[in-house]
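Trainee: curious how this folds, go ahead:
(3 chains)
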Amino acid sequence: MKAQEKRISDVKRFAGVYRCVECGKCVAVCPMSDMYVNFSIAMSPRGIIKKAIVGENVVGDENIWYCTECNAGTDVCPQGVSCRDLIHGLREIAMDDMIPANMKQCIVCHKPFVAVPVEHFVFARLSAEAPNVIRVLELCPSCRRERYMERNA
Amino acid sequence: MRFREKNYTGKMGVIDLSDLSVQVAPLEESLISEHIGGAAVNRILLDRYDGNDSIVLGTGPLTGSFAPASCLLVATFRSPLSGKISNVPLTIRNGSEMKFAGFDFLVMNNTASQPMILSVHEGTMVFHPAGPLLNLTIAEMSSIMRREIRDIRSWIIAGPAADKRAVSASVSVSRGGSFDKTGLASVMASKNIKGVLFNGIDGLSYGDNDLTRSEAMMKGLSTSLHGKGPGFSRILQHLGADSSIMELLPIKKMRQRACYHCPFPCMCHVEVTNETLFDGKDSNGIRTLLLTDHLGFMTLADTFNADVFPIMAACNEWGLDPVAVSQIIPRGGSLDEVLSMIKGLFSGPELKVKEVDGHTCGTVSCSIPRQEADRFGGGIPPLTVIGDFDSPENWKRRVALSMILGICPIFLLMFPDITDVDLLSFIDPEKESRSSLQIRLQAAIDDVCRA
Amino acid sequence: MPPRHSYILFDPEKCTGCGTCEMVCSQRNTAKIAPSSASIQVIRDEDLGKNFAILCQHCRRPLCLEACPTRAIEKGDDGIVRINKLFCVECGLCTMACPEAAPLRDQKTRGINKCDLCDGDPLCVKHCPEKALTFTRGKAFRWIKGLRWSVQLVSFLLLVMILVGTFCYFTAGAVTLACPAGVLQNVASSKTIVLVGVSAALALLILTALAGRLFCGWVCPFGFILDLVGTIIPKKIGWPSFLKSRMTKYGVLVGAVGASSVLGYQAFCTICPIGSLCRSYGVQGVFRGAELAIVPAIASLEVAERRSWCRYFCPVGAVLGIMANARLINIVIGAKQCKKFSCTQCAEVCPVGVIDKDLLREGVSPIIPMTECIMCMRCIDRCPYGAAKINVRWRKGVPGIPEETRL
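Mentor: Modelled structure (predicted):
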């Protein structure tokens, strides 16, 4: 448990969360606000950063699994805080012991490759357009590539 | 000097296998400005760490660049067979991937305490224990490595034959054997280094007109391609393979394969349907065999005729030198007998290549003396019929040129129109300074050819 | 004009895996030689002995465009799918959505580098030493299309305008030709078999038995009218599903023959749209106003589906469909060769809708029921990958590799 706490604090320091000035620019650009109807301050990068600063249990938090790990928040931050690195690091720690239900595993190689809420979003977007195509969402990109080659070459 | 910045990543790694420590040192300016690179620099590095039984992996200035066939990684070591220094060309993508992984030269000193795999990635090196991989075929190893270590873009690996300390083991580049006939695999096995994996995701800068220059060069080549059909069979033709060997090749079914940025696909995939040999992925019962070793194939075909494909596949999978196999196994047995005999070869005690006649490379008679061929790994086809490489001396210099610059030697032998000046223009487009470079290159060639 | 469909075609047979395409692509993407940053990736599989380049197919309906949360991806009028760097936040949902597994992520910087076909002059195509990559903007000239329309026009002129009323029954010297459905009704109504009549019907039946329902797609004058109307009416509203039974036409055939035998005259032929069309031209056509009305009435069914009459009702098609079971040639679509996710143009262009789009998207070659196929060869004409072909019947499987793998 000690080791995990040390790693969490490493991740926080690496992401630079203590520099956060709570300007909210990351929330303004965050694509999650368009993606999820239940987007809230707790889910937003600012909310997660705040939670990390005050030392709550962020690793066990449901909200870290909504992020797409994009560059938007990191790019606009005036203080150089990287919400992407923070959430990525927290997810890695959460995945240490076991793969949580919030990570989708590839049906071929069983490696987790995307967070479930993100996958749900893509699924919802695509299901209207091409219900037959979305089965590829079961495969991680590299397995998808191999399948694709096996079938086509 | 621009030379270093453009053509090298500027880093070399010195590995002490005894404590698995890695020292990343900047590439010395003087070293490459004097000796250009590749086999010549390897030689200097080998001398520097003399007594450590080192293996030096080195790239040339053109490796990974827009120069055609710039795939070469040169492994320089002291051959256990001849006791002399040998430069083995490692093709496909190894040279370029090593550069993209951030290293120009790797020196491996001393011996590891247990079998290890070295993975080179983004300027760092990671050791993986290779215990579970011992005595597995290359196919089994590759499937395990792909599962355990993601993102492998190319590798050199010693097969199960080398684990048994067979002297005629041959290192395997990708899945298709290699031009190593001087014991690189057994040296690697004796140093407990099972394989080196490269995952080059970085980039290399290039000169302004390199791409157009490369394109112009390739365009010129397409008119001077020698012969017809797949590159592999074309090389066999030039080596003087008779029609009985040529008929064995399923020309229509061969899928061609080329090394990094090479316009001449000298390798090929052939379908084989002997299930007993492989334990890899299954694809409708058809497995393919990657043929890279022209001399090995020719010698085997000469000895075993129609059984050549399963035997060649066995050599590839078990990491054996096909030329040695054809010399040790007597002719005339059935396929199963031959395969069990080959398997018996490396389960037994040490295996040595029979003393061979000074003027043959396997069963291919050629004008290249054995010790000269062994200087360059012993597996480079004696393509002396094309252009003015009719003399062993010219052949030797041509191969040395390719090994120094980091260009595939087969490509340079097949296309005699390409001169060293053409190639040096990728390093230095200025004519004036190029001439001094040319002089140093000639000196480096002399160096490589002398020892 | 609809947007063009530009893309790069890849031939796995020619690829040697040299990676020159990766080099030149990365050189444009990152100003460095860095194959792992390229938007085209060559997979080299030594187990299967294959080299395969994966790249963006610039789908006609791009899924990446749908999945993008910031709507940064757009498909231009030139058919090129581009990412607007201003809006892209590099979240990578496009890589998730891409069914073609196109390499979008730069492995070094984790950024998104999408193929934009080098704005119409792709470097990878230019530098491929084996010419395994070819750039296409879609076929400009479709010769089968031109040929079919002209054959249809000529036969329309011949059957309807010049040789009035001849499709149903026509004698010129020793040659007698007749509509097979008409002959069946004739036999039923008169209760006698006239050898001349049967042999007259044979000509068309033999043609169908050899080459499938070539008549329906290429000759039938009413089919020509339907095709014309179908091109004018672009939007289809679709049929209610209870009407969508292809067996209906056999019922119509049985009904027509039965009615003939009961009533003693060829009742159906008086309302047959093909016959009505043939008879309604010229002087006598004016007097048969009622018959002439049948043609636009049935042609208006095109609003629902293309060739609705041919699909579900035409008794002539039913007779020919039965005969087509004996045909010597098949139309095959090899899913191995095509980009099934993004294309399915063959299914869209098929006037009788016999190509199973869903099956195609799963990577399985659909079996085309030749009793329904009217041999118009639109699929062959349209397929940019050469996957739709005419195959002789005894050759099993489809072009390329016979066995198919499901996803």
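Trainee: for chain A, what spans make up the strands?
Mentor: A:103-105, A:112-115 (DSSP state E).
Trainee: strand partners (parallel or antiparallel) of the first one?
Mentor: Applying DSSP bridges to the sheet, strand A:103-105 is found paired with strand A:112-115 (antiparallel).
Trainee: so for the partner strand, mean pLDDT?
Mentor: Mean per-residue pLDDT for strand A:112-115: 85.
Trainee: and it, which residues are buried?
Mentor: A:112, A:113, A:114, A:115 (16 or more other Cβ atoms under 10 Å in any protein chain shown). Where you see a C-beta, it was placed from the backbone N, CA and C, and this is true even at glycine.
Trainee: same deal with stretch A:41-56?
Mentor: For stretch A:41-56, a neighbour-count test (16+ other Cβ under 10 Å) marks A:43, A:44, A:45, A:46, A:48, A:49, A:50, A:51, A:52 as buried.
Trainee: low-scoring stretches of chain C, by residue?
Mentor: C:1-4, C:138-141, C:161-167, C:169-176, C:234-236, C:280-292, C:336-337, C:339-342, C:362-363, C:395-407 (pLDDT under 70).
Trainee: check it for the residue nearest chain A and tell me.
Mentor: Closest contact between chain C and chain A, by Cβ to the nearest Cβ, is at residue C:91 (3.2 Å).
Trainee: and that residue, helix, strand or coil?
Mentor: State at residue C:91, reduced to three classes by DSSP: H, G, I helix; E, B strand; the rest coil: coil.
Trainee: what about the strands in the stretch 51-200 of chain C?
Mentor: Secondary structure of the stretch 51-200 of chain C (DSSP state E, counting those that start in this stretch): strands at C:73-75, C:81-83, C:133-136, C:169-172, C:175-178.
Trainee: doesn't residue A:11 make contact with residue A:89?
Mentor: Yes. Residue A:89 is in contact with residue A:11 according to Cβ atoms under 8 Å; the separation is 3.2 Å.
Trainee: who are the contact partners of the spatially most central residue of chain A?
Mentor: Closest residue to the average C-alpha location of chain A: residue A:67 at 3.6 Å, with Cα atoms, centre = their mean. Contacts for residue A:67 were tallied using Cβ atoms under 8 Å, 6 or more residues apart in numbering or on different chains; they are A:32, A:45, A:83, A:84, A:87, A:115, A:118.
Trainee: can you put those residues in a markdown table and add distance to residue B:175?
Mentor: Formatted as a markdown table, those follow (distance: Cβ to Cβ, whole Å):
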| residue | distance to residue B:175 |
| --- | --- |
| A:32 | 45 |
| A:45 | 46 |
| A:83 | 43 |
| A:84 | 38 |
| A:87 | 40 |
| A:115 | 36 |
| A:118 | 37 |
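Trainee: what about these, which are in helices?
Mentor: Judged by DSSP state H, helices contain the following of those: A:32, A:45, A:83, A:84, A:87, A:118.
Trainee: and the second one, how far is that from residue A:63?
Mentor: When distance is defined by Cβ to Cβ, to the nearest Å, residue A:45 is 10 Å away from residue A:63.
Trainee: returning to that earlier point: leaving out the residues flanking it, which one is nearest to the residue of chain C closest to chain A?
Mentor: Leaving aside its sequence neighbours, residue C:91 sits nearest to residue A:70 (Cβ to Cβ, 6 or more residues apart in numbering or on different chains; 3.2 Å).
Trainee: which pLDDT value goes with residue 53?
Mentor: Just going to use chain A. Note for residue A:53: predicted pLDDT of 87.
Trainee: hmm, no, I was thinking of chain B.
Mentor: With respect to pLDDT, residue B:53 scores 82.
Trainee: which of the ones in helices among the contacts of residue A:67 are buried? Put it as a ChimeraX command.
Mentor: To isolate in ChimeraX the members of the ones in helices among the contacts of residue A:67 that are buried, counting by 16+ other Cβ under 10 Å, one can use:
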select /A:32,45,83,84,87,118
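Trainee: okay, the ones in helices among the contacts of residue A:67 in a markdown table with distance to chain C and pLDDT next?
Mentor: Below are the ones in helices among the contacts of residue A:67 laid out as a markdown table (distance: Cβ to the nearest Cβ, whole Å; pLDDT from 0 to 100):
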| residue | distance to chain C | pLDDT |
| --- | --- | --- |
| A:32 | 8 | 88 |
| A:45 | 12 | 89 |
| A:83 | 12 | 88 |
| A:84 | 9 | 87 |
| A:87 | 12 | 89 |
| A:118 | 7 | 88 |
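Trainee: just name the closest of the ones in helices among the contacts of residue A:67 to residue B:104, please.
Mentor: residue A:84 (33.0 Å; Cβ to Cβ).
Trainee: wait, isn't that closest one in contact with residue A:76?
Mentor: No. Using Cβ under 8 Å, residue A:84 makes no contact with residue A:76, being 11.7 Å away.
Trainee: what's the least confident helix or strand in chain A by mean pLDDT packed up against?
Mentor: Least confident helix or strand of chain A, by mean pLDDT, DSSP states H and E, is helix A:141-152 with a mean of 77. The contact analysis (3 or more Cβ pairs under 8 Å, 6 or more residues apart in numbering or on different chains; DSSP states H and E) places helix A:141-152 against strand C:40-45, strand C:50-55.
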